[in-house]
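Novice: Sharing a sequence plus its predicted fold:
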Amino acid sequence: MSSEPDDEIIVVGGGVIGLTTAVVLAERGRRVRVWTRDPVERTTSAVAGALWWPYRIEPVARARGWTLRSLDVYEELAGRPETTGVRMVEGVLGEAGLDEAAWATERLPGLRPATAGEYPGAGLWARLPLIDMAVHLPWLRGRFLGAGGVIEVRAVSAFTEVDAPVVVNCTGLGARELVPDASVRPVSGQLVVVENPGIRTWLVSTDADGAMAYFFPQPGRLLLGGTADEDDFSTEPDPAVAEAIVRRCAALRPEIGAARVLDHRVGLRPARDRVRLEREPLPDGRLLVHNYGHGGAGVTVAWGCAHEAAGAVSERR
């Protein structure tokens, strides 16, 4: 790697977007540091259910491109699930039809309507990447460090504090104050973690009232969800909400109702009307590249966005 100061890049934000972007940059031979307020295990990304599928993300056309590019990577990583945390798992996307999934049918040849025995309503049966974030985030960190990157746990209150010619802003919800960008808002998602009673497929469902129910089988546990409460900054689990989540999931798979609860989690999705992925030349001649506002699809688009952000950095040369 070059040790020239002008080669240095600081990525601010150590969640899945920041780490993936840092990996791509470091593996292109750039000298990269990640500044993160929290270790990867305590980022919002660590709470994600992490099924690959675009959710609450705009603009749709660009997001689909990022999604498919990320799929290429996840399919390769799924060959080493114990190491990377990525597996290809079958399940049902409830209240979905082939028409609205036409953009993905060429890349997902097994996509088909769910049978009545698989789901009590319209839905799609699919085999998609399901990512265990407890494994994947540390793996990303290790891959980045192995490429020569450096991680520093430190908070940033202004980009003027960042002493590098190129800064990549992957701060998610933190961009609300740091940029500042008031259009970034939290969408709270609560999860219940239970012992897995033998469920091997995932399910995502929405009832007539708009309430979500989903369950994702991860090694040693089952993740139940969920909620999507806009402008809710609280990260404290609500017991009544947790009970409702279990009840909705048990209505779909009764064995869930008797599963022992292991944990409760809340994450704040960094929503924005549109993902901000663009260059911003700073008055002092430095370059700031923004890569934030991915809503509930950060894991889904991480690799596609990382490559586009790395391309934006390279345009400076």
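Specialist: Perfect, I can see it now. Residues are numbered from 1 along each chain as shown.
Novice: His307 contacts Val24, doesn't it?
Specialist: Yes. Between His307 and Val24 a contact is recorded at 5.8 Å, counting by C-beta atoms under 8 Å. No exception for glycine: its C-beta is placed from N, CA and C like everyone else's.
Novice: which of the two has more neighbours?
Specialist: Val24 (24 against 19; other C-beta atoms under 10 Å).
Novice: element containing that one, please.
Specialist: Using DSSP states H and E, Val24 sits in helix 16-27.
Novice: Can I get that helix in PDB? Just the C-alpha atoms.
Specialist: The C-alpha trace of helix 16-27 is given here as PDB (Å, rounded to 0.1, in the frame of the first residue of the first chain):
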ATOM      1  CA  VAL A  16     -22.200  -2.600   7.800                       C
ATOM      2  CA  ILE A  17     -22.200   0.300   5.300                       C
ATOM      3  CA  GLY A  18     -19.000   1.800   6.700                       C
ATOM      4  CA  LEU A  19     -17.100  -1.400   7.100                       C
ATOM      5  CA  THR A  20     -18.100  -2.700   3.700                       C
ATOM      6  CA  THR A  21     -17.100   0.500   2.000                       C
ATOM      7  CA  ALA A  22     -13.800   0.500   3.900                       C
ATOM      8  CA  VAL A  23     -13.100  -3.100   2.800                       C
ATOM      9  CA  VAL A  24     -13.700  -2.200  -0.900                       C
ATOM     10  CA  LEU A  25     -11.400   0.800  -0.600                       C
ATOM     11  CA  ALA A  26      -8.700  -1.000   1.300                       C
ATOM     12  CA  GLU A  27      -8.700  -3.900  -1.200                       C
END
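Novice: contacting residues around it?
Specialist: 9, 11-12, 32, 34, 36, 40, 43, 45, 48, 133, 136-137, 140-141, 143-144, 147-149, 168, 170-172, 291-292, 294, 298-299, 302-303, 305-307, 309-310, 313 (C-beta atoms under 8 Å, 6 or more residues apart in numbering).
Novice: I figured Asp7 was touching Arg28, is that so?
Specialist: No. Asp7 is beyond contact range of Arg28, at 10.8 Å (criterion: C-beta under 8 Å).
Novice: check contacts around Glu41.
Specialist: Each residue near Glu41 by C-beta under 8 Å, 6+ apart is listed here: Ala134, Leu137, Pro138.
Novice: where does the stretch 1-150 of the chain dip in pLDDT?
Specialist: Scanning the stretch 1-150 of the chain for pLDDT under 70 picks out 1-6.
Novice: ok, now the stretch 201-317 of the chain?
Specialist: Looking along the stretch 201-317 of the chain with the criterion set at pLDDT under 70, you get 316-317.
Novice: Could you pull out the strands in it for me?
Specialist: 202-206, 212-218, 221-225, 229-230, 261-271, 276-281, 287-292 (DSSP state E, counting those that start in this stretch).
Novice: nearest to Ala244, of the ones you listed?
Specialist: strand 212-218 (9.4 Å; C-beta to C-beta).
Novice: Which strands or helices does that closest one pack on?
Specialist: On a contact count with 3 or more C-beta pairs under 8 Å, 6 or more residues apart in numbering; DSSP states H and E, strand 212-218 meets strand 123-131, strand 202-206, strand 221-225, helix 239-252.
Novice: switch to 6 Å and redo it
Specialist: On a contact count with 3 or more C-beta pairs under 6 Å, 6 or more residues apart in numbering; DSSP states H and E, strand 212-218 meets strand 202-206, strand 221-225, helix 239-252.
Novice: so what strands line up beside it?
Specialist: As defined by DSSP bridges, the strand partners of strand 212-218 come to strand 202-206 (antiparallel), strand 221-225 (antiparallel).
Novice: Could you export the strands of the stretch 201-317 of the chain as JSON lines, including distance to Thr115?
Specialist: Output for the strands of the stretch 201-317 of the chain, formatted as JSON lines (distance: least, C-beta to C-beta, whole Å):
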{"stretch": "strand 202-206", "distance to Thr115": "14"}
{"stretch": "strand 212-218", "distance to Thr115": "19"}
{"stretch": "strand 221-225", "distance to Thr115": "22"}
{"stretch": "strand 229-230", "distance to Thr115": "33"}
{"stretch": "strand 261-271", "distance to Thr115": "31"}
{"stretch": "strand 276-281", "distance to Thr115": "39"}
{"stretch": "strand 287-292", "distance to Thr115": "40"}
